[in-house]
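Peer 1: below is the structure, and that's it, no one-letter string:
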DNA sequence: CGTGCCAGGTGCCAT
DNA sequence: ATGGCACTTGGCACG
């Protein structure tokens, strides 16, 4: 048993001491990494079976579970946070059951050999910032409407109407009611359909002319024609300019623009 | 430095020896777990910054990368398999860069303190089986059409028409053309819209009566009414029976049914 | 809680 | 590569 500042390690533990270590770790809300030979059963929205092999089991302090094979960036089995655990040792097999009760789901991991147990308490207060999401494009356009179109005037955003939410709602330079649908990637037919629905809905309620703009950095093949048919517009969005417009700080909230 | 069958461990290593251990591990195609204090930059389809904190970095033998914070089932940053690495030690900071060249994306992890390095070679030949996906419901209905409706006769599946693909296409016991849309979970409005589109499309081309069936284990509130309005049917699917119908082997392919 | 929709979505399979 | 769509999707926001 080695111990660093806040990490405990067990090398080649027997299953009895493993059981104790895991139970202690869980009760103390530590994160736990188990490396060993195991097999897995999942039952819930679907069902799965993973045959025996050497894997890494990762249980986080918040009760999320990941099982990783030696390849692939995605876990082979998992359980989102807030599940509770049952640990038992039956017939030389250590059984870890992770249960989620909201959606009746259970994950059972059976270990017959453990190579390494790491129990740790990690301190992580760092903020995570993701830039140029759809929300940030929205924010950028609200901050600087010229990014969309000269003299565009936003009225509101995330406006609720029957089919869903309108990304941005405003007036164009002619003063015509305008519905803007934002896509952060290459916009496809789906985006056009969504926009058309919103335009129709607004036209019904407002009973005056309504423009529809698809705002995206790129559109897929055929989308331009589809837009033309439906009498909708496309405005190319410059992600770099959006990124520059949106401040590099998290502090400014979108609400601050109104 | 401790060593088990195929796991090497370094506790509280200095950055110099860490650099060596990581480079060796990578060149030997091992999986590596680093636990330490780090910050992260991601640049690619989007951009992100993760401020300093204690995390787990997991590099797999196939060149995939995961960075996990102490909470949340998803990695905060990642990189899919087959990326290549650059390791450098600059100003008491160990910098690990994981680069994917297909889609120009890079992930940079900066460590100023490492608590634990684990380098391992995992052997995992076990098969993974997943059951009762939408595909398997489809397979089950094709095998035993009574699971959908008495005397239903499938004609084809994944039939391509203008708006997309029809899950199952066939004749009901009256010989009427029938479009089946399958949902593996609780079907919502979206599923009804999808089904309606397909029914309309088929009606246009076939110019004879067409039935539409929504096949799902459950439907959401209001969907029944929506179906009634659009003159579409709902057939409840019994997932247990589907699971029994579909053999518990991975070998059988859906093509074998035609 | 359900409903809607985005995601660095990912993954699979089709043309 | 591009397109269409499911996913144990997860996650957030909002009525």
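Peer 2: Perfect, I can see it now. Everything numeric here is computed off the predicted structure, so don't read it as measured data.
Peer 1: residue ranges in the stretch 101-250 of chain A under the pLDDT threshold?
Peer 2: For the stretch 101-250 of chain A, applying pLDDT under 70 flags the ranges A:247-250.
Peer 1: all strands of it, in order?
Peer 2: Taking DSSP state E, counting those that start in this stretch as the criterion, the stretch 101-250 of chain A carries its strands at A:105-120, A:128-131, A:153-161, A:164-171, A:177-182, A:186-187, A:210-216, A:218-219, A:233-236.
Peer 1: how near is the closest residue to residue A:19 other than its chain neighbours to DNA strand D?
Peer 2: What sits nearest to residue A:19 in space, not counting adjacent residues and going by Cβ to Cβ, 6 or more residues apart in numbering or on different chains, is residue A:89, at 5.0 Å. C-beta: built from backbone N, CA, C; applies to glycine. Distance of residue A:89 to DNA strand D, computed by Cβ to the nearest atom of the strand, to the nearest Å: 23 Å.
Peer 1: and residue A:89, which of the three is it?
Peer 2: Recorded secondary structure, residue A:89: strand (DSSP: H, G, I helix; E, B strand; the rest coil).
Peer 1: contacting residues for it?
Peer 2: The neighbours of residue A:89, taking Cβ atoms under 8 Å, 6 or more residues apart in numbering or on different chains as the test, are A:15, A:16, A:19, A:95.
Peer 1: how many neighbours does the closest residue to DNA strand C within the stretch 101-250 of chain A have?
Peer 2: Using Cβ to the nearest atom of the strand, the closest approach of the stretch 101-250 of chain A to DNA strand C is made by residue A:164 at 2.0 Å. When neighbours are defined as other Cβ atoms under 10 Å in any protein chain shown, residue A:164 has 13 of them.
Peer 1: close enough to count as contact, it and residue A:181?
Peer 2: No. In this structure, residue A:164 is not within contact of residue A:181 by Cβ atoms under 8 Å, at 10.1 Å.
Peer 1: find residues that contact each of the two.
Peer 2: Common neighbours of residue A:164 and residue A:181 (criterion: Cβ under 8 Å, 6+ apart): A:194, A:198.
Peer 1: returning to that earlier point: the contacts of residue A:89: which two are farthest apart?
Peer 2: Using Cβ to Cβ, these span at most 13.5 Å, a distance reached by A:16 and A:95.
Peer 1: between those two, which one's more packed in?
Peer 2: Higher neighbour count among residue A:16 and residue A:95: residue A:95, with 17 against 10, using other Cβ under 10 Å.
Peer 1: contact partners for the closest residue to the more buried one other than its chain neighbours?
Peer 2: In space, and not counting its chain neighbours, residue A:95 is closest to residue A:88: 5.0 Å by Cβ to Cβ, 6+ apart. Contacts here follow Cβ under 8 Å, 6+ apart; on that basis residue A:88 touches A:19, A:94, A:95, A:97.
Peer 1: residue A:51: neighbour count?
Peer 2: The tally of other residues near residue A:51 (other Cβ under 10 Å) stands at 12.
Peer 1: ok, now which ones touch it?
Peer 2: Residue A:51 is in contact with A:39, B:126, B:127, B:128, counting by Cβ under 8 Å, 6+ apart.
Peer 1: please indicate which of those are buried?
Peer 2: Neighbour counting with 16 or more other Cβ atoms under 10 Å in any protein chain shown marks A:39, B:126 as buried within these.
Peer 1: quick revisit: which of the contacts of residue A:89 lies closest to DNA strand D?
Peer 2: Checking the contacts of residue A:89 against DNA strand D by Cβ to the nearest atom of the strand gives residue A:95 as the nearest, at 16.7 Å.
Peer 1: helix or strand: which one has the closest one?
Peer 2: strand A:93-100 (DSSP states H and E).
Peer 1: report the beta-bridge partners for residue A:177.
Peer 2: residue A:171, residue A:210 (DSSP bridges).
Peer 1: which residues does it contact?
Peer 2: By Cβ under 8 Å, 6+ apart, the contact list for residue A:177 reads A:169, A:171, A:202, A:206, A:208, A:209, A:210, A:211.
Peer 1: let's see 7 Å
Peer 2: A:171, A:202, A:206, A:208, A:209, A:210, A:211 (Cβ atoms under 7 Å, 6 or more residues apart in numbering or on different chains).
Peer 1: in space, what's closest to the fifth one - neighbours in sequence excluded?
Peer 2: On the basis of Cβ to Cβ, 6+ apart, the spatially nearest residue to residue A:209 that is not a chain neighbour turns out to be residue A:176, at 5.8 Å.
Peer 1: the last one now?
Peer 2: In space, and not counting its chain neighbours, residue A:211 is closest to residue A:178: 4.4 Å by Cβ to Cβ, 6+ apart.
Peer 1: go on, the third one?
Peer 2: Excluding the flanking residues, the one nearest residue A:206 by Cβ to Cβ, 6+ apart is residue A:177, at 5.9 Å.
Peer 1: thought residue B:134 was touching residue A:46, still the case?
Peer 2: No. In this structure residue A:46 lies outside contact range of residue B:134 using Cβ atoms under 7 Å: 9.7 Å.
Peer 1: measure the residue located most distally from the centre of chain A to residue B:121 for me?
Peer 2: Most distant residue from the mean C-alpha position of chain A: residue A:91, 39.8 Å away (Cα atoms, centre = their mean). To residue B:121, residue A:91 is 28 Å away according to Cβ to Cβ, to the nearest Å.
Peer 1: domains in chain A, by residue range?
Peer 2: Taking automatic domain parsing as the reference, chain A has its domains at A:2-120, A:134-247.
Peer 1: how about the residues of chain A by DNA strand C?
Peer 2: Proximity of chain A to DNA strand C (Cβ under 7 Å from any atom of the strand) is limited to residues A:72-74, A:102, A:130, A:133-135, A:163-165, A:184-185, A:194.
Peer 1: filter these to the buried ones?
Peer 2: Judged by 16+ other Cβ under 10 Å, buried ones among the residues of chain A next to DNA strand C: A:73, A:130, A:135, A:184, A:194.
Peer 1: of these, which is the nearest to residue A:80?
Peer 2: Using Cβ to Cβ, residue A:73 is the member of these that lies nearest residue A:80, at 17.6 Å.
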